[in-house]
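Visitor: build me a structure from this.
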Amino acid sequence: MSNANYKSPLYIQLREVIRNKIEDGEFPVGTAIPSESQLAETYNLNPLSVRSALSALKYEGLLRSVQGKGVFVNGPKTERDLETLGGYRQTMDERSIDAHTRVLIKALRPAGPYYARLLDLVEDDQVWFTRRIDYIDKEPVALEEIYIPEKLLPSFGDVDIELFSIYDIFTWNGLLPTDADQTLRVLFLEPSRAKLINLSSDQAVMELSNLTRDAQGRKIEFARNYVRPDKTDFFAHYAKD
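Guide: Have a look, this model is predicted:
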């Protein structure tokens with residue numbers, strides 16, 4: 001194995017090889033690494049040595065194991081305040097709420113005139129479009145539709161956003177979300193969308209729209225969240241200057 005001290009135990013050698021591949025970007029943040037069996041075959045090691053190497057990296061926080069999906073590369077940890085800009089996953093995690101998301105669509109599409117104007121693009125520029133459902137305790141609470149310029153985050157398609165927060169992905173790629181324009185209104189969804197979050201078409205939802213910028217002032221995301229008002233409270237804190 002390259003980049004290893006051959007006097008070290010085999011699992012330590014493999015641990016350092018994987019660490020180097022993470023640091024060099026060969027195993028990008030948010031993506032799965034090869035399986036235990038693939039690593040054992042590639043480096044001619046027994047499964048126990050591979051398992052020991054992965055366990056050490058999980059303990060350090062470099063890797064994250066997800067049952068039924070594999071082992072993923074973790075990004076660096078960041079500190080957040082509840083009064084600062086953050087996403088759905090951060091808010092739920094910081095409040096110790098059992099929440100998860102299910103991705104319905106994740107694909108590239110042309111920006112078109114409307115989203116080109118919103119995100120400072122030209123109409124033919126590609127954007128990542130994501131539609132997903134947010135759950136709390138297995139109950140759907142919101143439908144999200146998210147638009148991200150592909151040129152700012154070309155690796156977005158490789159990351160499992162059911163496991164990793166989009167705001168973490170921004171941060172890992174140097175797109176620190178700094179400020180956002182936010183609007184809130186009440187509306188009714190068409191039946192096909194309402195059904196996704198267990199509502200009838202005559203039940204109103206709260207539409208929360210966000211246009212987010214990074215520290216350089218670039219528009220990095222436009223998101224609409226259709227939120228069930230029977231499952232969510234909105235809170236805002238105001239202070240006099």
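
Visitor: what's the offset of stretch 184-198 from the middle of its chain?
Guide: Per C-alpha atoms, centre = their mean, to the nearest Å, the displacement of stretch 184-198 from the mean C-alpha position of its chain is 23 Å.

Visitor: now stretch 21-36
Guide: With C-alpha atoms, centre = their mean, you get 16 Å for stretch 21-36.

Visitor: put the alpha carbons of that stretch into PDB.
Guide: The C-alpha coordinates for stretch 21-36 follow below in PDB (Å, rounded to 0.1, in the frame of the first residue of the first chain):
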ATOM      1  CA  LYS A  21      -7.500   9.700  -0.400                       C
ATOM      2  CA  ILE A  22     -10.000  11.800   1.600                       C
ATOM      3  CA  GLU A  23      -7.500  14.600   2.000                       C
ATOM      4  CA  ASP A  24      -6.600  14.500  -1.700                       C
ATOM      5  CA  GLY A  25     -10.200  14.600  -2.800                       C
ATOM      6  CA  GLU A  26     -10.200  11.100  -4.300                       C
ATOM      7  CA  PHE A  27     -12.900  10.200  -1.900                       C
ATOM      8  CA  PRO A  28     -15.000  13.400  -1.900                       C
ATOM      9  CA  VAL A  29     -16.900  14.700   1.100                       C
ATOM     10  CA  GLY A  30     -20.500  13.300   1.200                       C
ATOM     11  CA  THR A  31     -19.800  10.300  -1.100                       C
ATOM     12  CA  ALA A  32     -19.500   6.600  -0.300                       C
ATOM     13  CA  ILE A  33     -16.100   4.900  -0.200                       C
ATOM     14  CA  PRO A  34     -15.600   1.400  -1.600                       C
ATOM     15  CA  SER A  35     -17.200  -1.400   0.400                       C
ATOM     16  CA  GLU A  36     -15.300  -3.500   2.900                       C
END
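
Visitor: show me which positions of it end up buried.
Guide: 21-22, 27-30, 32-34, 36 (16 or more other C-beta atoms under 10 Å). Yep, even glycine has a C-beta here, placed from its N, CA and C like the rest.
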